[in-house]
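>>> Using only what follows, build the 3D model:
(chains A and B)
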Protein chains: 2
Amino acid sequence: MTINVSEIHKHAGEEIELKGWCYNFRSSGKIFFLQFRDGTGRVQVVYSKSDMTEDQWMILESLRLESSVVVRGVVKEDSRAPLGFELEGRFIQAIQIAPEGYPIGKKEHGPDFLLDHRHFWLRAESQWAVMRVRDRIITSTYEWFHENGFVKFDTPILTPTSCEGTTELFEMDYFSDEGEGSATKAYLAQSGQLYLEAGIMSLGRAFDFGPVFRAEKSKTRRHLTEFWMMDAEAAFIEHEGNMAIQEALICRIVQDVLKHCQYELKVLGRDTAPLEKVQAPFVHITHQEAVAKLRGMGSDIGEMDDLGADDETLLTQQYDRPIFLEKYPAAVKAFYMKRDPQDPTRCLNNDLLAPEGYGEIIGGSQREDDYETLMMRLKEHNLDPKPFEWYVDLRRYGSVPHSGFGYGLERIVAWLCGLHHVRETIPFPRLMNRLTP
Amino acid sequence: MTINVSEIHKHAGEEIELKGWCYNFRSSGKIFFLQFRDGTGRVQVVYSKSDMTEDQWMILESLRLESSVVVRGVVKEDSRAPLGFELEGRFIQAIQIAPEGYPIGKKEHGPDFLLDHRHFWLRAESQWAVMRVRDRIITSTYEWFHENGFVKFDTPILTPTSCEGTTELFEMDYFSDEGEGSATKAYLAQSGQLYLEAGIMSLGRAFDFGPVFRAEKSKTRRHLTEFWMMDAEAAFIEHEGNMAIQEALICRIVQDVLKHCQYELKVLGRDTAPLEKVQAPFVHITHQEAVAKLRGMGSDIGEMDDLGADDETLLTQQYDRPIFLEKYPAAVKAFYMKRDPQDPTRCLNNDLLAPEGYGEIIGGSQREDDYETLMMRLKEHNLDPKPFEWYVDLRRYGSVPHSGFGYGLERIVAWLCGLHHVRETIPFPRLMNRLTP
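Residues are numbered from 1 along each chain as shown, chains lettered A, B, ... in the order given. Predicted coordinates for the structure are as follows:
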């Protein structure tokens, strides 16, 4: 009976068959230890020469790292094994014997070497674990949104202009105007938010979740040029309600990862104690309070400055729960954010900072819903109102108070997996100097 | 108590509050009928002038199409109403009174007008219904894959080369080589399949689901330049097993849409009888059989030709279940498809054609898993092996039989919703001549 390693605990004492790869092996000459993986888990298969035919033993001795195999054996409980079981080997079949020299060995490799061999590096248990945690975060996000009335609404990647008017956009020729010869320019989206705002006027609540692109000449450990972003937007939700949604979503994600990915977190050496503390209520502090606190700790941040990465790190080290950092100076924020009626120099926005120095994982705000005010904001930000006509029109016909936020998937993966650099959090990372493999 | 229209059946006899939009209205001078929607559903609110203050009545009379409102009233059963209920109005508050002249009225609009006003058109009940069916298809896809051991694996959009070596790619400058001045070219992915094949060597089974791009100069009703594709790939699955997975997935999607989207399908005027017939086992015919059949029906298709859209339509009209069209001539198919050992001029591939003339919704195949053969195929297809080095390397270290397939989301939405053109199946369609709004 062919099963997966993940089902092995149901078959104690039975003979079963597994199909997968030999990720390591050693032999005493009489006993052969085959380290087996199949994508669902890892298990050791122990073969005794005395129990096998000569041909079978020769197959074992011909195996090299990453050869593909079919193994059969009897499931034995073994308290020393990671899953609590190992196989008493009965049969081996080699599907394909890999040559000597599998590029990724036990020695330490530098990041460039590993990224050049990303197609192989993905097979390492650490990378397998990261991909499974990533999948769990995605799954929990879909589940939570659907349980809470949000509809998936796929916003476009090819756009005629930028969302926030920045210049960090990848540009390309769309189709040439027939006859004219001049090509239309298209830009890769940095966010689907503005389109999502149109969506909620139909659907009430909506989210998107897809790749976005930033042509930033930035080489930090928190930046990719292509990454996955989830944007959510809800009608009739104001600033406080917006943060309540973010808090509930993040709590759910963290709880689900703790519930379903204990093995993966262990593989990654992730201390789960800080994750257990991620519970509502999160910390709330205003930008004004944060600046005062940071200056007290020696930061040279100005009263109306955005927080730098170092400031974020410093701040998150003061608390063991995520921090809602609210009401930034409007001058450093986007045109569409609604101002705080108590202090119109500030926005009804929030960042959400993850603990342990991980910093910003979410940015959100209530959106300006008044037509005249929004037109004025476009002018203040020196943005051409023409490409935003459809967007401001949403405020002419049935404008409602509404809010939204976006999370960067890779930053959440890095946080929950305890990774230093986001380059490991996505299957094939794209960086300023890396477009391959 | 503020609720959603979707919950109204739980509150018969109670006074409730709803927040949303007035999508239509009429008044007899004494009775005001407000057609209300909130994203979760639609309900009529009936106000009597005799029960209201002068101020409240004046608010009702000031309403225009798509004004945003808060309504309160008592839930009454009404068998004539679509949801079986209406509200006896008690209170009205206008959040924002829309001006006269909401662009989308009751008269017929042409497709260009509607697409120019896509941000408003999305509010039409038909478009709302399409977006909800789309969401259901997405949700069922995620659910089915997770229940069957597939891990979400986000393949890259920015790629250094094309998957299948075609020239229908959007090209852009990546970052300039520092000092050199010559920019690296990047291309937008048409499929994530090759990357997914690397993923399953770690994870066993994986799927991606994201936007892909084709710079095809094609203006048919089945083509978009940006559309959402789901690719799935599984280790140790061969041609027959691959089709079994496709069949199970499509059956699940159709059953879920029938179960959860009856109201939406009714709004769309979709005859559900043909959808009820979508059950296993699907029809299987080989390309060779299909060509013979088509020629018998008058098509001029050649023995070794790919099927055209008209051929597909003709064929699907012969059956009331989806059709697996198997074993195409290798000459018209991609380099990575494994050949049929019974007839090496043909591939172990399949298309899946949806009934009622909808045609191809899935393409899949077993993949060539032998290193030497794959290298030869690259040559036969005149492809530079250099950018595929990492891909063929997957056959050197632990190659296993494996198969996969991809579905085009918009074509499935069009089929299940009974739509003629895919342009209505995505929030903001991108066509050769359309990049806005």
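>>> contacts and neighbour counts: CA atoms only from here.
Noted.
>>> Touching the helix or strand where residue A:199 lies from outside, list them.
Secondary structure assigned from DSSP states H and E places residue A:199 in helix A:193-203. The list of residues contacting helix A:193-203 from outside it, by C-alpha atoms under 8 Å, 6 or more residues apart in numbering or on different chains, reads A:151, A:153, A:155-156, A:163, A:205-208, A:231-235, A:391, A:394, A:404, B:38-40, B:119-120, B:122-124, B:128, B:427.
>>> Leaving out the residues flanking it, which one is nearest to residue A:374?
The shortest distance from residue A:374 to any non-neighbouring residue, by C-alpha to C-alpha, 6 or more residues apart in numbering or on different chains, is to residue A:368 (6.3 Å).
>>> give the contact list for the one you found.
Contacts for residue A:368 were tallied using C-alpha under 8 Å, 6+ apart; they are A:336, A:337, A:338, A:339, A:374, A:401.
>>> Among the residues you listed, which ones are in strands?
Those of those mapping onto strands are residue A:339, per DSSP state E.
>>> With respect to chain B, which of the contacts of residue A:368 is nearest?
Here the nearest of those to chain B, counting by C-alpha to the nearest C-alpha, is residue A:401; it sits at 8.8 Å.
>>> Neighbours of the closest one, how many?
By the measure other C-alpha atoms under 10 Å in any protein chain shown, the count of residues near residue A:401 is 20.
>>> do you know how far it is from residue B:68?
Computed with C-alpha to C-alpha, to the nearest Å, the distance linking residue A:401 and residue B:68 is 10 Å.
>>> Could you do residue A:342 as well?
25 Å.
>>> So those two - more neighbours on which side?
For residue A:342 versus residue B:68, the count of surrounding residues by other C-alpha under 10 Å is larger for residue B:68: 28 against 9.
>>> residue ranges of the helices in chain A, please?
Residue ranges of the helices in chain A, as given by DSSP state H, are A:54-62, A:111-116, A:118-121, A:125-147, A:193-203, A:239-260, A:262-267, A:273-276, A:287-296, A:309-316, A:371-380, A:389-393, A:409-417.
>>> Which positions in the longest one come out as buried?
What it means is helix A:125-147. Burial within helix A:125-147, assessed by neighbour count using 16 or more other C-alpha atoms under 10 Å in any protein chain shown, is assigned to A:125-146.
>>> contacts for that helix?
Contact with helix A:125-147 is made by A:39, A:121-122, A:151, A:207, A:249, A:252-253, A:256-257, A:260-261, A:264-265, A:267-268, A:409, A:413, A:417, A:424-427, B:139, B:142, B:151-153, B:202-203, as judged by C-alpha under 8 Å, 6+ apart.
>>> Can you tell me which of these are buried?
For the contacts of helix A:125-147, burial is judged from neighbour counts taken by 16+ other C-alpha under 10 Å, and it is met by A:39, A:121-122, A:151, A:207, A:249, A:252-253, A:256-257, A:261, A:264-265, A:267-268, A:409, A:413, A:417, A:424-427, B:139, B:142, B:151-153, B:202-203.
>>> Quote the end-to-end distance of stretch A:100-118.
Length of stretch A:100-118, first residue to last, C-alpha to C-alpha: 19 Å.
>>> contacts for that stretch?
Taking C-alpha under 8 Å, 6+ apart as the criterion, the residues outside stretch A:100-118 that touch it are A:64, A:65, A:66, A:120, A:121, A:427, A:428, A:436, A:437, B:390, B:397.
>>> Pull the number of nearby residues for the last one.
What that stands for is residue B:397. Residue B:397 is surrounded by 25 other residues when neighbours are defined as other C-alpha under 10 Å.
>>> Low-confidence regions, chain A specifically.
Along chain A, the parts satisfying pLDDT under 70 run over A:162-167, A:176-182.
>>> How is it partitioned into domains?
Residue ranges of the domains in chain A are recorded as A:5-96, A:118-424, according to automatic domain parsing.
>>> would a markdown table of these with distance to residue B:386 be doable?
Putting those into a markdown table (distance: least, C-alpha to C-alpha, whole Å) gives the following:
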| stretch | distance to residue B:386 |
| --- | --- |
| domain A:5-96 | 23 |
| domain A:118-424 | 15 |
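>>> hang on, the earlier thing: redo the helices of chain A as a markdown table? Include distance to residue A:75.
Rendered in a markdown table, the data for those read as follows (distance: least, C-alpha to C-alpha, whole Å):
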| stretch | distance to residue A:75 |
| --- | --- |
| helix A:54-62 | 19 |
| helix A:111-116 | 35 |
| helix A:118-121 | 29 |
| helix A:125-147 | 22 |
| helix A:193-203 | 52 |
| helix A:239-260 | 24 |
| helix A:262-267 | 20 |
| helix A:273-276 | 33 |
| helix A:287-296 | 57 |
| helix A:309-316 | 47 |
| helix A:371-380 | 67 |
| helix A:389-393 | 62 |
| helix A:409-417 | 31 |
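>>> quick one, which of those helices is nearest to residue A:28?
Nearest to residue A:28 among these is helix A:54-62 (10.9 Å), distances taken as C-alpha to C-alpha.
>>> got a list of contacts for that closest one?
Counting by C-alpha under 8 Å, 6+ apart, helix A:54-62 makes contact with A:32, A:49, A:91, A:92, A:93, A:94, A:97, all of which sit outside it.
>>> Which of those residues fall in strands?
When DSSP E defines the strands, the subset of these inside them is A:32, A:91, A:92, A:93, A:94.
>>> residues touching the first one, list them.
By that I understand residue A:32. Residues counted as contacts of residue A:32 (C-alpha under 8 Å, 6+ apart) are A:25, A:26, A:46, A:47, A:48, A:49, A:60.
>>> which of these lies closest to residue B:308?
Checking these one by one against residue B:308 (C-alpha to C-alpha), the nearest turns out to be residue A:60, at 50.6 Å.
>>> That closest one: how many residues sit nearby?
A count of nearby residues for residue A:60, using other C-alpha under 10 Å, gives 22.
>>> which residues sit in contact with the nearest residue to residue A:283 once chain neighbours are set aside?
On the basis of C-alpha to C-alpha, 6+ apart, the spatially nearest residue to residue A:283 that is not a chain neighbour turns out to be residue A:323, at 4.6 Å. Contacts for residue A:323 were tallied using C-alpha under 8 Å, 6+ apart; they are A:282, A:283, A:284, A:285, A:316, A:352, A:353, A:354, A:355.
>>> Put together TSV for those, with neighbour count and distance to residue A:183 on each row.
Converted to TSV, these look like this (neighbours: other C-alpha atoms under 10 Å in any protein chain shown; distance: C-alpha to C-alpha, whole Å):
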residue	neighbour count	distance to residue A:183
A:282	18	49
A:283	14	50
A:284	16	48
A:285	14	48
A:316	20	47
A:352	25	41
A:353	23	42
A:354	27	43
A:355	24	47
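>>> Mind checking which of those are in strands?
Going by DSSP E, the strands hold A:283, A:284, A:285, A:352, A:353, A:354 from the contacts of residue A:323.
>>> Now list the buried members of the contacts of residue A:32.
Those of those that meet the buried threshold are A:25, A:46, A:47, A:48, A:49, A:60, by 16+ other C-alpha under 10 Å.
>>> Quick check: the fifth one vs chain B, distance?
In other words, residue A:49. Taking C-alpha to the nearest C-alpha, to the nearest Å as the measure, residue A:49 falls 24 Å from chain B.
>>> ok, that residue to residue B:190 distance?
Between residue A:49 and residue B:190 the distance is 50 Å, computed by C-alpha to C-alpha.
>>> what does the second one give?
Taking C-alpha to C-alpha as the measure, residue A:46 and residue B:190 are separated by 44 Å.
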